[in-house]
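In: quick one, structure for this:
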Amino acid sequence: MSDDTERPSGTGRLLTGVAWAVLLLGLWLWGRGVTEVPDALTGPTTGDVAAVGRPAGAELPPAAEPLTSAVPQRIDIPDLGVQAPVVVRGLDGNGGVEPPPFDQPGVVGWYGSGTGPGSAGTAVLVGHVDTATRPAVFYKISALRPGERIRVVRSDGTVAEFTVDDIRVLPRDHFDARQAYGARESGRAELRLITCGGTFDRSTGSYTANVVVSAYLTGTAA
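Out: Now for the predicted structure:
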């Protein structure tokens, strides 16, 4: 574990050891999530908590038809006051999705070799939860609730509008890739927001879980 004088905290690898597999219907993304973050703030995404899931009887809007592929440029989460640029990221040397640069905690990363937000399948966006001194872009995503909206501005000029359908905190040990990346319903355009979660283990310098917000396409705007 590093000290917190110069090296940022929300800097660990997200999804280390991820193995990606693409299926024609649903675009399942398989993997093992590891989120290593040196000494950090305690925030709403920390603490051992169960999945929020979908409240019994909750009525959510119908899914919209998937869009053609386009590159995400910005993500807006109105209920959290988040407006953040999105940058394309690949895999690091260990086969994990490379998060945004450590000195840019307000930036969100998109796995560019996967599904584009709004297209059929599961698009993955990753972001830091905090730094050594302050919250980062996905600090509050565990506070999202089913029915709330996420908007992604795309390179083709459209805004893909997603509705949250559940929030899960998945432990690193025995990570369940199906729960994290598997399509909730086949053929939909789905979105995952992923950040650090669980408790911070000072002995390993890492969080014990990942927060995974699931949403699906319910509309578009020009």
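
In: where along the protein do the helices fall?
Out: Assigned by DSSP state H, the helices in the chain fall at 177-181.

In: show me the shaky parts of it.
Out: Along the chain, segments meeting pLDDT under 70 span 1-58, 94-96, 175.

In: next, work out how far apart Thr163 and Asn210 are.
Out: Between Thr163 and Asn210 the computed distance is 21 Å (C-beta to C-beta, to the nearest Å). C-beta: built from backbone N, CA, C; applies to glycine.

In: then Thr204?
Out: The gap separating Thr204 from Asn210 is 15 Å, by C-beta to C-beta.

In: okay, the two: which has more neighbours?
Out: Asn210 (25 against 11; other C-beta atoms under 10 Å).

In: the more buried one touches Asp173, doesn't it?
Out: No: with contact defined as C-beta atoms under 8 Å, Asn210 and Asp173 do not form a contacting pair (11.6 Å).

In: now the longest strand belonging to the chain: buried residues?
Out: Longest strand in the chain by number of residues (criterion: DSSP state E): strand 206-221. Residues 206-218 are the ones in strand 206-221 that count as buried (16 or more other C-beta atoms under 10 Å).

In: could you do stretch 125-135 as well?
Out: Quick answer for stretch 125-135 (16+ other C-beta under 10 Å): 125-132, 135.

In: of those residues, closest to Gln83?
Out: The closest of those to Gln83 turns out to be Gly127 (C-beta to C-beta; 12.7 Å).

In: isn't that closest one right next to Pro100, touching?
Out: Yes: Gly127 is within contact range of Pro100, at 6.9 Å (criterion: C-beta under 8 Å).

In: list the residues that contact both of these two?
Out: 107-109 (C-beta atoms under 8 Å, 6 or more residues apart in numbering).

In: rewinding a little: could you dump the buried residues of stretch 125-135 to CSV with distance to Ala143?
Out: Below are the buried residues of stretch 125-135 laid out as CSV (distance: C-beta to C-beta, whole Å):
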residue, distance to Ala143
Leu125, 17
Val126, 18
Gly127, 14
His128, 16
Val129, 12
Asp130, 14
Thr131, 19
Ala132, 22
Pro135, 12
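
In: which two among those residues are spaced furthest apart?
Out: Distance extremes for those: the farthest pair is Leu125 and Ala132 at 23.1 Å, using C-beta to C-beta.

In: number of residues surrounding Asp156?
Out: Asp156 has 14 nearby residues by other C-beta under 10 Å.

In: pull up the gap between it and Ala70, please.
Out: 4 Å.

In: for Arg178, same thing?
Out: From Arg178 to Ala70 the distance is 27 Å (C-beta to C-beta).

In: same thing with Thr220?
Out: With distances taken as C-beta to C-beta, Thr220 is found 11 Å from Ala70.

In: circling back to that earlier point, who's more crowded, Arg178 and Ala70?
Out: When Arg178 and Ala70 are compared on other C-beta under 10 Å, the one with more neighbours turns out to be Ala70, at 18 against 11.

In: show me what counts as buried in stretch 84-93.
Out: Residues of stretch 84-93 classed as buried: 84, 86-87, 89 (neighbour count, 16+ other C-beta under 10 Å).
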